[in-house]
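Chemist: missing the sequence, but the structure's below:
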């Protein structure tokens, strides 16, 4: 399996080069003219994206490395995420009270990564609900999300050994319209009074309307989103909130799968790289001001315009030196 | 097979989008993949509409609690669909006067525009406006000075709330002049002591830094999660852990 | 009193908020505005462009946020009309097309000399969210072959030579969410170095600050930003300053002022209740 991952990264790199070559050949490139060759090279790879590619390979490489390390049996520790531990508690409470669990998967479509991360949590919620015999209700804002959620919940009920308890009508589509959806969901909340409301996905202005309604009906509420602007509202109105990256860590945390745990460690290393870049940048900017530019200014420009910008690796410098461009 | 094909499609689409970022020749591939999704999403409207009809018709026929709401929903759905499909009240475009169906479905005067103007607009505006009430009630209940961090947050909220209105100018406009008078320095040195200027600083410095930190964390989370999907490590979206 | 406040029914708060916003709106209270550097940057980015510049105006919002965003959308439109720019309207939200119509109607009413197709035009609504931006930034014709009314782009004088939005001198985005300013910055202004300014809802503004000033020249945050922008326009264009309908945002700031003061009072009262409760040993 892991070899497949490395093979995939290798394949990806080869693909970049191979496709470029194939297209160039199809375009009748002969390579006799130097300028033409340069244009061809530019068509094969955008030199402005060199550093982006380096960061991509570096961070992906680190993630894949730690997935491999975790798979080899090394124990990786993950701090407790209270919000995720609370999910089971919320479903348990709903079961005791004989009231439903409401799961909201955000308002964006299935192509949004937050919706997918929410589906992962839904999988766990559905399994727990199936085990406890709780009633799970999932109104969706997009038809494709409804289809995916149905697949996920059905599998979860099957895995819990309760395929008979699965009712696809409890996972239904309301409307694509943001506030129409909110009106529908809050109406359901007020009428059915779910004991637990779980919000996992991408949310906008509706976050507070949903969470305040949930608070008003006395439901235990857990939210998770990577929308920084909505986090304050969820924090104010919910019992537990998964903030940004915690939300993406949910699948690894909930599954306990070592391969997924490894990806979390890789993510942390990515953060370290980012932090190092920021510290270096701040240091260079400060020294540049203190000592009037010089080498510090050059490093700072290289950091901001090249390494974290879109001026390429050294291509632009070479071109400038050669008078090309 | 049921799992492998979707996985391969996900990988293929992901790789295409990645390639289009780095290889100019493949730039259009990324666009193509994006358009594929749009086509699928359009098909999903039919799926969603069918599901809406099924669920609400069942609810009405079994007279489950709240079935009257389902009647309203279905009526609204059918009327809007009909008005939109038959292009009720839509004038043909000036360039093609014989092609009545080529008119703009939501132009002023059309049936759909009437629904939009008299139903959709007031309803959605009302829902959005309700936020003001919910924000006030949440602030009253949850904004407590429980510890030092919460207290700092509280005072920051006061500054921003006042600084984003004329109250900020009214209450603190005199401060720079007064401070200049007692210190002998120029008033510009004390500009940030005005609530409106302080609000600008809060938004530009601490807020920007905090948002950047959260955004970097989220971006790395997205990269890691996307990789897991591309590699097939996380298959929960296919209904499998 | 303590017991009443501790278990305060939230409907009392709703009532107070209703009263707090009603009086200023009905009494048309308005206060002077001081232009902040951020709003000045937005104004300057538009003001400094020469006459005849091509400006793409994307209205990515719907009726829900119209109350917060329409004044700035109208102000942007008036400013561009005064500068005699070529205006290309677009929207990425399904219910956003009538927002364009509000602006085109404004132009027809207040600037009758401007002609559709020569001075302004509308691409209408385009489905596909951020995907639309990704496509039109390199190849507009692939996704937008006609204008809002079905006329081919080659038959409209001001779109004849337009192949992609890199040909625009400025992008103005009025945004209520996704797709919105973040997507325009990520997929258009950053990779292709396009001059972009934006206006957004209050809740979005903190999220967009990190993009300023390099990727986003300036930002109008909610009604406050719009009111300051109206003030900046008023100071440069006396004709607009004399129009009451061009002062929409400034008038709404009255309601905002009272609502914010009420919020401050509510937070203070909430904390008094909390501390009294803690002293009595029954804090939640």
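Modeler: Done, it's in. This one's a predicted model, so the numbers in the text were calculated from it and none came from an experiment. Numbering: from 1, shown residues only, chains lettered A, B, ... in the order given.
Chemist: Give the residue spans of chain C that score low on pLDDT.
Modeler: Of all residues in chain C, those with pLDDT under 70 make up the ranges C:282-284.
Chemist: for it, what spans make up the helices?
Modeler: Secondary structure of chain C (DSSP state H): helices at C:2-6, C:10-26, C:37-47, C:66-82, C:97-110, C:130-136, C:140-143, C:181-184, C:190-192, C:205-208, C:222-236, C:238-241, C:248-280.
Chemist: quick check, the shortest one touching chain A?
Modeler: By that I understand helix C:190-192. Yes: on the criterion Cβ under 8 Å from any Cβ of the partner chain, helix C:190-192 is in touch with chain A at C:190-191. Placement of C-beta: from N, CA and C, glycine included.
Chemist: For residue C:146, which non-adjacent residue is closest in space?
Modeler: residue C:152 (5.5 Å; Cβ to Cβ, 6 or more residues apart in numbering or on different chains).
Chemist: ditto for residue A:216
Modeler: Nearest residue to residue A:216, sequence neighbours excluded (Cβ to Cβ, 6+ apart): residue C:10, at 7.1 Å.
Chemist: Now do that neighbour: how many residues are near it, please.
Modeler: By other Cβ atoms under 10 Å in any protein chain shown, the residues close to residue C:10 number 17.
Chemist: Spit out the contact partners of it.
Modeler: Counting by Cβ atoms under 8 Å, 6 or more residues apart in numbering or on different chains, residue C:10 makes contact with A:216, B:137, B:140-141.
Chemist: Look at stretch C:23-41 and report the distance between its end residues.
Modeler: 33 Å (Cα to Cα, to the nearest Å).
Chemist: swap in stretch C:89-100?
Modeler: Per Cα to Cα, stretch C:89-100 runs 7 Å from first to last residue.
Chemist: Contacts for it next, please.
Modeler: Applying Cβ under 8 Å, 6+ apart, the set of residues contacting stretch C:89-100 from outside is A:176-177, B:106, B:108, B:113, B:116-117, B:120-121, B:124, C:56-63, C:66, C:70, C:73, C:103-104, C:120-129, C:132-133, C:148, C:174, C:176, C:179-180.
Chemist: wouldn't residue B:23 be in contact with residue A:47 here?
Modeler: No: counting by Cβ atoms under 8 Å, residue B:23 stays clear of residue A:47, with 11.5 Å between them.
Chemist: Skipping adjacent residues, who's closest to residue C:261 in space?
Modeler: Nearest residue to residue C:261 in three dimensions, chain neighbours excluded: residue B:167, at 6.4 Å (Cβ to Cβ, 6+ apart).
Chemist: Next, count neighbours for that neighbour.
Modeler: For residue B:167, the count of nearby residues is 20 (other Cβ under 10 Å).
Chemist: a strand runs through residue A:212, doesn't it?
Modeler: No: going by DSSP: H, G, I helix; E, B strand; the rest coil, the assignment for residue A:212 is helix, not a strand.
Chemist: how close does the most far-flung residue of chain B relative to its centre get to residue B:177?
Modeler: Distance from the C-alpha centroid of chain B, by Cα atoms, centre = their mean, peaks at residue B:184 (49.9 Å). Plainly put, residue B:184 is 13 Å away from residue B:177 if you go by Cβ to Cβ, to the nearest Å.
Chemist: I'd like the domain boundaries of chain C, if you could list them.
Modeler: As given by automatic domain parsing, the domain ranges for chain C are C:2-26+C:257-280, C:37-242.
Chemist: can you tell me the distance between the two ends of the last one?
Modeler: Across its full length, domain C:37-242 reaches 24 Å between end residues, using Cα to Cα.
Chemist: what about the longest helix in chain B?
Modeler: From DSSP H, the single longest helix across chain B is helix B:27-61.
Chemist: helix or strand right after that helix?
Modeler: Next along the chain after helix B:27-61, taking DSSP states H and E as the criterion, comes helix B:67-85.
Chemist: How about the helix or strand that comes right after that following helix and chain A, touching?
Modeler: The element immediately downstream of helix B:67-85 (helix or strand, assigned by DSSP H and E) is helix B:111-115. No: Helix B:111-115 does not reach chain A (Cβ under 8 Å from any Cβ); its nearest approach is 12.4 Å.
Chemist: what ranges of chain B fall below the confidence cut-off?
Modeler: Low-confidence segments of chain B (pLDDT under 70): B:1, B:239-241.
Chemist: Just give me the residue right at the centre of it.
Modeler: By Cα atoms, centre = their mean, chain B has its centre lying nearest to residue B:128, at 11.9 Å.
Chemist: what helix or strand does whichever residue of the stretch 51-200 of chain A sits closest to chain C sit in?
Modeler: Residue nearest to chain C within the stretch 51-200 of chain A: residue A:179 (5.2 Å; Cβ to the nearest Cβ). Element membership of residue A:179, judged by DSSP H and E, is helix A:178-192.
Chemist: tell me the angle of that helix relative to helix B:67-85?
Modeler: 160 degrees (axes from the mean of the first three to the mean of the last three Cα atoms, to 10 degrees).
Chemist: now the helices for chain A?
Modeler: Counting by DSSP H, one finds helices in chain A at the ranges A:2-26, A:34-44, A:50-71, A:82-97, A:113-132, A:143-159, A:178-192, A:206-216, A:231-237, A:245-248, A:250-255, A:258-290, A:295-301, A:315-321.
Chemist: Between these, which one is closest to residue C:248.
Modeler: Shortest distance between residue C:248 and the helices of chain A, using Cβ to Cβ, is found for helix A:178-192: 22.1 Å.
Chemist: Is chain B within reach of the closest one?
Modeler: Yes: residues of helix A:178-192 contacting chain B under Cβ under 8 Å from any Cβ: A:178-180, A:182-183, A:187, A:191.
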